[in-house]
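Peer 1: Build me a model:
(chains A and B)
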There are 2 protein chains.
Amino acid sequence: MNLTLSPPYYAVIFTNTRTENDDGYAEMAEAMVALAAKQDGYLGFQSVTEDHKTISISYWKDLSSIKNWKQVTDHMAAQRMGQEKWYQSYTTRIAKVEREYSFEKE
Amino acid sequence: MNLTLSPPYYAVIFTNTRTENDDGYAEMAEAMVALAAKQDGYLGFQSVTEDHKTISISYWKDLSSIKNWKQVTDHMAAQRMGQEKWYQSYTTRIAKVEREYSFEKE
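Peer 2: From the prediction side, this is the model:
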């Protein structure tokens, strides 16, 4: 879970509540993570799910990397159609990480 | 889970992996959330836990609010001592949210 990076960089914070319809969700989520990792400027990914609530954060070198990634995901969404079946609600936030500090038990 | 705010504002992203020692943890976490909500500049809080991994995000009006909140938590930590018993590792990130967009099913 511990991931340390060097600011400044960007975070895409994706918080969502899912519907009860899990059909195809796990496969899509796995494919998205694998695809993100192949993009230029990708720095890392963290995700935690509790019941049908998830906070996922992907980290990126700069806004340009995020813009490219958004084009890829928009294209996938268009191909897939109806992805809203999975989500009751979601919010995406684009944030510039200015500082970070970590602790790790020895 | 859905929380919508108006950028720009700040997020404190706290990712952690806990130890097996849960003694007093839930009480501390609950108290911290209640206390955060009383601070000037507090905008909201979201947290998801899976096994012993958590992503918690608190949202703040500006850096000054975060600085004040950090002083409160540092003071609490000093009083409490040994909070590292709860955490195997953690990272705190201070990030400026520049954009956000939301979806909510009707």
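Peer 1: which helices and strands does the helix or strand of chain A with the lowest mean pLDDT pack with?
Peer 2: Using mean pLDDT, DSSP states H and E, the weakest-scoring helix or strand in chain A turns out to be helix A:63-80, at a mean of 86. Helix A:63-80 is packed against strand A:9-18, helix A:25-36, strand A:53-60, with contacts defined by 3 or more C-beta pairs under 8 Å, 6 or more residues apart in numbering or on different chains; DSSP states H and E. (Glycine included, C-beta is placed from N, CA and C.)
Peer 1: how about a cut-off of 10 Å?
Peer 2: strand A:9-18, helix A:25-36, strand A:42-50, strand A:53-60, strand A:87-104, strand B:87-104 (3 or more C-beta pairs under 10 Å, 6 or more residues apart in numbering or on different chains; DSSP states H and E).
Peer 1: In terms of mean pLDDT, which of these ranks lowest?
Peer 2: Within the helices and strands packed on helix A:63-80, confidence is poorest for helix A:25-36, with a mean of 90 (mean pLDDT).
Peer 1: what are the bridge partners for the nearest residue to residue A:88 once chain neighbours are set aside, then?
Peer 2: Counting by C-beta to C-beta, 6 or more residues apart in numbering or on different chains, residue A:17 is the residue found nearest to residue A:88 once chain neighbours are left out, at 4.4 Å. For residue A:17, the beta-bridge assignment (DSSP bridges) gives partners residue A:53, residue A:89.
Peer 1: Then residue A:99?
Peer 2: Those that pair with residue A:99 in a beta bridge, by DSSP bridges, are residue B:94.
Peer 1: got a list of what it touches?
Peer 2: Residue A:99 makes contact with A:7, A:8, B:12, B:63, B:66, B:92, B:93, B:94, B:95, according to C-beta atoms under 10 Å, 6 or more residues apart in numbering or on different chains.
Peer 1: Kindly write the ChimeraX command that selects the buried subset of the residues you listed.
Peer 2: Command for ChimeraX, covering only those of the contacts of residue A:99 found buried under the criterion 16 or more other C-beta atoms under 10 Å in any protein chain shown:
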select /B:12,66,92,93,94,95
